[in-house]
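Trainee: got a sequence here, can you build the structure:
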Amino acid sequence: MIEDKERWNKRHVEKPMRHNVEPILEKYINEVEVGVALDIACGVGRNTHFLEEKGFFVDAVDISDYALSQIKDTKKIKKFEVDLDTYNLEINKYDLIVNINFLSRRLMPQIKEALRDGGVVIFETFIIAHGDFTQPVNPEFLLRKNELLHSFIGLDIIYYEERNDVNLRGEDTRVASLVARKPA
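Mentor: Sure thing, here's the model as predicted:
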């Protein structure tokens, strides 16, 4: 955990990411009843702050204490410095779970269980790409074609797409995006 924490702290300082809210979250936020949200691998809080402004109580989780220190302190935001390789999600707690640019296959079934009935997951991360794309080198951090869709079978799919995109640092990449609701 310490190596990951140091690596992410360094990355946030040396290669800052954009601070605007993720477009998929902004587009689909109206699909969700305002309540309790979880921002997985929240970074410096660009999506956390957006959710808090929309009225959500937000659990913001990340391994980087530096990134968490950039998130404002409010009554509606709880910050948790955790190792997502071992962290477990609380069952039936969240009306919304946001997972952007992070992949832990271990957490995918937990995300489904952590949603309350009628809760929504908004998930977007990198997929295997061929050609001139910037992507994580480790295949553990890349989805396979349709893997994200198959991982959330049992939820009502609102939106799914695999497409070319631009990452937080302005580099060309491929992503899979999913918005799905847990049946009530």
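Trainee: quick one, strands of the chain?
Mentor: 36-40, 57-62, 77-81, 94-100, 115-126, 156-166, 172-181 (DSSP state E).
Trainee: pull out the buried residues from the third one.
Mentor: Read it as strand 77-81. Residues of strand 77-81 classed as buried by neighbour count (16 or more other Cβ atoms under 10 Å): 77, 79. In short, each C-beta sits where N, CA and C put it, glycine included.
Trainee: can you dump the C-alpha atoms of it in PDB for me?
Mentor: C-alpha atoms of strand 77-81 as PDB (Å, rounded to 0.1, in the frame of the first residue of the first chain):
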ATOM      1  CA  ILE A  77     -18.200  14.900   2.300                       C
ATOM      2  CA  LYS A  78     -16.400  12.100   4.200                       C
ATOM      3  CA  LYS A  79     -12.900  11.300   3.100                       C
ATOM      4  CA  PHE A  80     -11.400   7.800   3.500                       C
ATOM      5  CA  GLU A  81      -7.700   7.000   2.800                       C
END
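Trainee: with adjacent residues omitted, what lies nearest to E26?
Mentor: For E26, ignoring the flanking residues on the chain, the nearest one in space by Cβ to Cβ, 6 or more residues apart in numbering is F50 at 7.1 Å.
Trainee: just the pLDDT at the one you found, thanks.
Mentor: pLDDT for F50: 97.
Trainee: residues touching the nearest residue to E162 once chain neighbours are set aside, list them.
Mentor: Nearest non-adjacent residue to E162, counting by Cβ to Cβ, 6+ apart: A176, 4.8 Å away. Residues in contact with A176 (Cβ atoms under 8 Å, 6 or more residues apart in numbering) are 124-127, 143, 147-149, 160-162.
Trainee: hang on, the earlier thing: want to throw the strands of the chain into JSON lines with distance to L107 and mean pLDDT?
Mentor: Below are the strands of the chain laid out as JSON lines (distance: least, Cβ to Cβ, whole Å; pLDDT from 0 to 100):
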{"stretch": "strand 36-40", "distance to L107": "7", "mean pLDDT": "98"}
{"stretch": "strand 57-62", "distance to L107": "10", "mean pLDDT": "97"}
{"stretch": "strand 77-81", "distance to L107": "14", "mean pLDDT": "97"}
{"stretch": "strand 94-100", "distance to L107": "8", "mean pLDDT": "97"}
{"stretch": "strand 115-126", "distance to L107": "10", "mean pLDDT": "96"}
{"stretch": "strand 156-166", "distance to L107": "19", "mean pLDDT": "93"}
{"stretch": "strand 172-181", "distance to L107": "14", "mean pLDDT": "92"}
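Trainee: which of those strands sits most buried?
Mentor: Of all the strands of the chain, strand 36-40 carries the top mean neighbour count, a mean of 26, counting by mean count of other Cβ atoms under 10 Å.
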